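Here's my sequence, what's the structure:
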Amino acid sequence: TTRNLETVPCGGVVATFPQETISRDFDTYIDVSVTDVLTAVGLKYLFANDKTYGVQVMKVCASCDSVVGEGAGAEAGAQDLYDNPSFDHYCGENAYGHNLEHSGLVYLPLVGNDVRPGTMPGYVYSRPTKVGKLDQGPSVDLDTSLDYVFGLMATMAMGTISFAPDFMGHGVETTAEKGYLLRDTYLTSSLPLWLWVSNFVSESTDSRSALGDTAFYVGASEGGYATVALAEGFRTALGVEPVYTFASAGPYRMGTATLMDTIINTDAGVDFDRHAYIAILLGSVYSSSNPNAANYGQGQDLLNDENRELALSWLNNPDFSKEDINAEIFALHERINGVDTVYRIEDLWNPIIVNFLRDASAAGVEDPCNPDYEGYIVGENDKFCEALKQNDLIDVLEKANYDIELCHSPGDTLVTYSNMPDVSVNAFLTANIKAGGHEESIGFCFFDVFGDIVSEKFLSFVPEPKHKSDPDSGSNDARGGTSNSAHISSLSFTSTVFVIAVGLGSSFV
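Numbering: from 1, shown residues only. Below is the predicted model:
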């Protein structure tokens with residue numbers, strides 16, 4: 001049955017899967033949480049020989065202020081973190097949400113009844129977008145989505161300390177505004193969780209165990225965007241080095257392609273019957289709802305004044321699904337324009353902003369927010385442009401000095417392939433090209449992730465020791481070795497990938 005976690009206190013244990021029963025527990029968990037039969041069978045087969053560690057799932061809540069500036073953080077001198085300009089940017093007094101509590105899940109690896117000894121890397125899974133009745137984070141309900149399986153699989157097989165952040169504005173404890181595709185919000189709401197868990201693991205084990213200064217990052221769609229933002233932000237703010245960053249179908253070009261393609265595809269009617277609600281999601285964060293956006297309160301909102309409150313009421317209705325939101329958008333269009341008329345995104349978006357972007361697209365202008373472009377007008381769209389540039393990740397990707405794999409499909413019409421960076425300019429970037437639309441390609445991308453978890457390279461990774469951990473041995477492996485192969489032939493693995501990818505397609509936004 002579904003475990004509703006609203007009553008689980010912060011710092012409370014959500015579930016424990018003991019090491020001696022993890023094999024049976026994992027199979028049961030998959031049967032409950034993965035509704036597609038082929039996907040469930042494939043996952044159980046893929047991980048058949050890598051159910052190594054027990055797993056304890058905890059609900060974690062923290063704010064920048066509480067974990068750094070108060071209590072144990074203050075006693076340990078954690079306030080020195082503010083001397084780092086990057087950390088101060090995300091968690092300092094000028095960062096929106098620094099004093100608000102954010103939540104998520106953490107998965108701890110168990111050996112026997114205790115947290116695995118030694119230094120462990122982190123594994124951060126960033127979920128795709130949730131709206132309406134599914135507008136919750138991982139800490140609210142555990143068994144209703146495949147999203148929550150990622151941390152369980154990584155911790156069980158690799159022995160990582162895994163995280164599933166709710167992100168800003170999500171989770172039952174939050175009072176923050178949502179931060180959809182606002183880069184800084186992912187850090188402000190996730191850095192405190194990492195610091196809280198790091199303190200908790202060290203203190204509760206008398207430093208026999210530690211969260212290391214390395215991490216794996218995985219996510220798709222909005223979660224792909226968040227994955228890139230988190231990997232870079234954790235590196236600069238805390239010195240956590242990315243071991244592996246895998247982002248699928250993310251809207252990285254917020255400064256150009258993402259919004260322009262939304263308008264172009266809406267005008268062309270591409271998949272609009274399924275994804276109309278995306279216009280409200282994008283519109284909401286660039287319409288003076290979250291102070292992180294540079295156009296906040298500047299009179300350059302993306303949602304138009306006439307229907308802003310109505311659109312936001314649909315987005316925040318806990319009884320609405322994304323299909324319900326789509327239906328309301330279509331009904332509004334018919335009320336405004338009549339039946340059987342061509343939909344125009346101006347029903348929801350500010351026509352001044354829409355025409356600015358549409359005109360630039362028609363003129364072949366790739367960057368309408370370049371001040372040299374004649375359509376760029378101070379006082380009309382400059383602050384809106386600043387907000388877009390503020391949240392663009394192309395520069396991060398093309399200058400990264402750590403390995404990043406970007407998985408995407410040229411057939412994706414929701415987050416188009418034009419969001420990809422030029423991988424030829426950075427040897428650390430890899431493009432992993434898949435077929436299919438948005439959801440289908442993510443399914444194929446994520447099975448590469450599952451394969452990585454049980455690969456020799458990942459299972460054998462050992463981070464640098466920290467604190468008093470790893471006192472006697474160079475091995476952190478519960479089996480007595482430093483690694484374990486997947487024990488699956490290339491032929492059977494390929495077959496398993498195909499089976500699960502087919503089932504995964506409908507699981508992601």
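
isn't there a strand covering Gly436?
No: Gly436 is assigned coil when assessed by DSSP: H, G, I helix; E, B strand; the rest coil, not a strand.

That one is in contact with Ser409, isn't it?
Yes: under the criterion of Cβ atoms under 8 Å, Gly436 makes contact with Ser409 at 5.5 Å. Backbone N, C-alpha and C define where each C-beta goes, glycine included.

Looking at those two, which is more packed in?
Ser409 (23 against 17; other Cβ atoms under 10 Å).

Quick check: chain neighbours aside, which residue is closest to the more buried one?
Spatial nearest neighbour of Ser409, excluding adjacent residues (Cβ to Cβ, 6 or more residues apart in numbering): Ser441 at 3.5 Å.

Which helix or strand contains the one you found?
According to DSSP states H and E, Ser441 maps onto helix 438-453.

cool, and Asp372?
Using DSSP H and E, no helix or strand contains Asp372.

How many residues are close by it?
Number of residues near Asp372 (other Cβ under 10 Å) recorded here: 6.

so how far is Val197 from it?
When distance is defined by Cβ to Cβ, to the nearest Å, Asp372 is 47 Å away from Val197.

Also Pro463?
Between Pro463 and Val197 the computed distance is 15 Å (Cβ to Cβ).

hang on, the earlier thing: tell me which residues touch the residue nearest to Ser409, please.
By Cβ atoms under 8 Å, 6 or more residues apart in numbering, the contact set of Ser441 is Ser248, Ala249, Cys407, His408, Ser409, Gly411, Asp412, Lys434, Ala435.

Do I have it right that the fifth one meets Val415?
Going back to what we said before, that points to Ser409. No: using Cβ under 8 Å as the test, Ser409 is too far from Val415 to be in contact (9.4 Å).

What ranges does the stretch 301-450 of the chain have for its helices?
With DSSP state H, counting those that start in this stretch, the ranges of helices along the stretch 301-450 of the chain come out as 308-315, 322-337, 351-362, 382-390, 394-399, 438-453.

so the fourth one versus helix 351-362, what angle?
In terms of direction (axes from the mean of the first three to the mean of the last three Cα atoms, to 10 degrees), helix 382-390 departs from helix 351-362 by 60 degrees.

For helix 382-390, what does the pLDDT average out to?
Helix 382-390 shows a mean pLDDT of 95.

So what's the gap between that helix and the chain middle?
Relative to its chain's centre, helix 382-390 lies at 22 Å (Cα atoms, centre = their mean, to the nearest Å).

do the shortest one as well
Helix 394-399 sits 18 Å away from the centroid of its parent chain (Cα atoms, centre = their mean).

Can I get that helix as PDB, trimmed to CA atoms?
Taking Å, rounded to 0.1, in the frame of the first residue of the first chain, the C-alpha atoms of helix 394-399 are listed here in PDB:
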ATOM      1  CA  ILE A 394      24.800  26.400 -21.400                       C
ATOM      2  CA  ASP A 395      27.800  28.200 -20.100                       C
ATOM      3  CA  VAL A 396      28.000  25.800 -17.100                       C
ATOM      4  CA  LEU A 397      27.900  22.800 -19.500                       C
ATOM      5  CA  GLU A 398      30.400  24.100 -22.100                       C
ATOM      6  CA  LYS A 399      32.900  25.100 -19.400                       C
END
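
Pull the longest strand that the chain contains out as PDB, backbone CA atoms only.
The single longest strand within the chain, with elements called by DSSP state E, is strand 209-220. Extracted in PDB, the C-alpha atoms of strand 209-220 (Å, rounded to 0.1, in the frame of the first residue of the first chain):
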ATOM      1  CA  SER A 209      30.800   6.500   8.800                       C
ATOM      2  CA  ALA A 210      30.900   9.700   6.700                       C
ATOM      3  CA  LEU A 211      29.300  11.300   3.700                       C
ATOM      4  CA  GLY A 212      32.200  12.000   1.400                       C
ATOM      5  CA  ASP A 213      33.000  14.900  -0.800                       C
ATOM      6  CA  THR A 214      32.000  13.200  -4.100                       C
ATOM      7  CA  ALA A 215      28.600  12.600  -5.600                       C
ATOM      8  CA  PHE A 216      26.700  11.100  -8.600                       C
ATOM      9  CA  TYR A 217      23.900  13.100 -10.100                       C
ATOM     10  CA  VAL A 218      21.000  11.800 -12.200                       C
ATOM     11  CA  GLY A 219      17.800  13.400 -13.500                       C
ATOM     12  CA  ALA A 220      15.400  13.900 -16.400                       C
END
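
hang on, the earlier thing: now the helix holding Ser441 against strand 209-220, angle please.
Orientation of helix 438-453 against strand 209-220 (the same axes, to 10 degrees) gives an angle of 150 degrees.

In PDB, please show the C-alpha coordinates belonging to helix 438-453.
What follows is helix 438-453, C-alpha atoms only, in PDB (Å, rounded to 0.1, in the frame of the first residue of the first chain):
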ATOM      1  CA  HIS A 438      10.200  13.200 -24.600                       C
ATOM      2  CA  GLU A 439       8.800  10.400 -22.400                       C
ATOM      3  CA  GLU A 440      10.000   7.500 -24.500                       C
ATOM      4  CA  SER A 441      13.600   8.800 -24.900                       C
ATOM      5  CA  ILE A 442      13.800   9.400 -21.200                       C
ATOM      6  CA  GLY A 443      12.900   5.700 -20.600                       C
ATOM      7  CA  PHE A 444      15.800   4.700 -22.900                       C
ATOM      8  CA  CYS A 445      18.100   7.200 -21.200                       C
ATOM      9  CA  PHE A 446      17.300   6.000 -17.700                       C
ATOM     10  CA  PHE A 447      18.100   2.400 -18.500                       C
ATOM     11  CA  ASP A 448      21.600   3.500 -19.200                       C
ATOM     12  CA  VAL A 449      21.500   4.800 -15.700                       C
ATOM     13  CA  PHE A 450      20.300   1.500 -14.300                       C
ATOM     14  CA  GLY A 451      23.100  -0.300 -16.200                       C
ATOM     15  CA  ASP A 452      25.700   2.100 -14.800                       C
ATOM     16  CA  ILE A 453      24.600   1.400 -11.200                       C
END
